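Asks: the amino acid sequence is not available; the structure is as follows:
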C-alpha cells in the first residue's frame with residue numbers, strides 16, 4: 001500500500017496537468033515505478049536501510065500527507081487556467097488568499113517570488129504566488145500537527161519500544177561520548193537549517209532560473225516539484241530536529257531513572 005501511494009504521489013502532477021509529450025509521461029511512469037519499488041523494499045525489510053523513523057508513526061505519514069497535499073494543490077493551481085474545474089478554481093482562489101497573506105516583505109513567499117524571472121506575466125506570477133503560499137501554509141500546518149502529536153500522544157509513545165538502530169540508520173552513536181548531547185546538537189542544526197532554507201534556497205537554487213523560462217514555468221510539472229521541494233525540505237528538517245530533541249529528552253529521562261534506581265537495587269541485594 002505504501003508503494004502504491006508513493007507511485008500515485010509521483011504521477012499526480014502528470015495526471016492533473018495533462019501536459020507534456022508521450023516520452024515525458026513514460027519517464028514519469030518509470031520514476032513512479034522506481035519510487036514504488038524502493039518504498040516496498042525499504043518497508044519490507046526489518047534491517048536498517050535509508051528511510052528514517054520507519055516504525056515510528058506518524059513521522060513519515062505526516063511528511064507523506066503534507067507532500068501529497070502540496071503537490072495536489074499546486075498542480076490544481078497550475079491547471080486552473082488551462083483546465084478550469086470547480087476544484088481547481090477553488091484551490092486557486094484559496095491559494096490567492098493565502099499567497100497574498102504570506103507575501104509580505106522578506107517572507108519566504110516574498111523571497112521565492114523575488115527569485116522568479118522578471119519576464120513572467122502577471123498570470124504566471126499569480127500562479128507562483130498561490131502555489132508558494134499554499135505549499136508553505138501546508139508545511140506549517142503539518143509541523144504544528146506533528147509537534148502536537150509529540151505533546152498530546154507522547155510520541156513515540158510511552159509503551160512503544162523505539163529501536164534506534166532501525167529508525168535512525170544514518171545516526172552513528174559511536175562518534176560521540178554523550179549520545180543525548182549529540183542528538184540535541186543535531187536537532188538544533190536541523191531546526192536552524194530548516195528555518196533559513198526557504199529564505200536562501202530561491203537565490204542559490206540554480207534550477208529555479210534555468211527551468212522557469214518565459215511562457216512555460218508556472219504551468220509545468222517542473223515548477224510543481226520545485227515548489228514542493230522548497231516547502232518539503234525545510235519541513236522534513238524541522239520535523240527531524242523535533243524528533244531528535246524528543247529522543248534526547250527520553251534518553252536523559254531513562255538515564256536519570258536508572259541512576260536513581262541503582263542505589264536502591266544495590267541496597268536490596270546487600
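Replies: Thanks, I have the structure now. Just so we're clear, the structure is a prediction, and the values are computed from it rather than from any experiment. Numbers count the residues shown, from 1 in each chain.

Asks: in the stretch 51-200 of the chain, mark out all the helices, start to finish.
Replies: Assigned helices in the stretch 51-200 of the chain, in chain order: 59-79, 86-102, 108-114, 122-152, 164-167, 179-204 (criterion: DSSP state H, counting those that start in this stretch).

Asks: any idea which of those has the lowest pLDDT on average?
Replies: When the helices of the stretch 51-200 of the chain are compared by mean pLDDT, helix 164-167 comes last with a mean of 84.

Asks: buried stuff in that helix?
Replies: For helix 164-167, a neighbour-count test (16 or more other Cβ atoms under 10 Å) marks 166-167 as buried. In short, each C-beta sits where N, CA and C put it, glycine included.

Asks: now do stretch 188-206
Replies: Using 16+ other Cβ under 10 Å as the burial criterion, the residues of stretch 188-206 that qualify are 190-191, 193-194, 197-198, 201-202, 205.

Asks: ok, so of the residues you listed, who is nearest residue 122?
Replies: residue 202 (19.5 Å; Cβ to Cβ).

Asks: count the residues that sit near the nearest residue to that closest one once chain neighbours are set aside.
Replies: Distance criterion Cβ to Cβ, 6 or more residues apart in numbering; nearest residue to residue 202, sequence neighbours excluded, is residue 115 at 3.5 Å. Per other Cβ atoms under 10 Å, the neighbour tally for residue 115 reads 16.

Asks: contacts for stretch 192-204 next, please.
Replies: Stretch 192-204 is contacted from outside by 106, 108, 111-112, 114-115, 136, 208, 230-231, 233-238, 241, using Cβ atoms under 8 Å, 6 or more residues apart in numbering.

Asks: hmm, 6 Å instead?
Replies: For stretch 192-204, contacts defined as Cβ atoms under 6 Å, 6 or more residues apart in numbering pick out 108, 111-112, 115, 208, 230, 233-234, 237-238.
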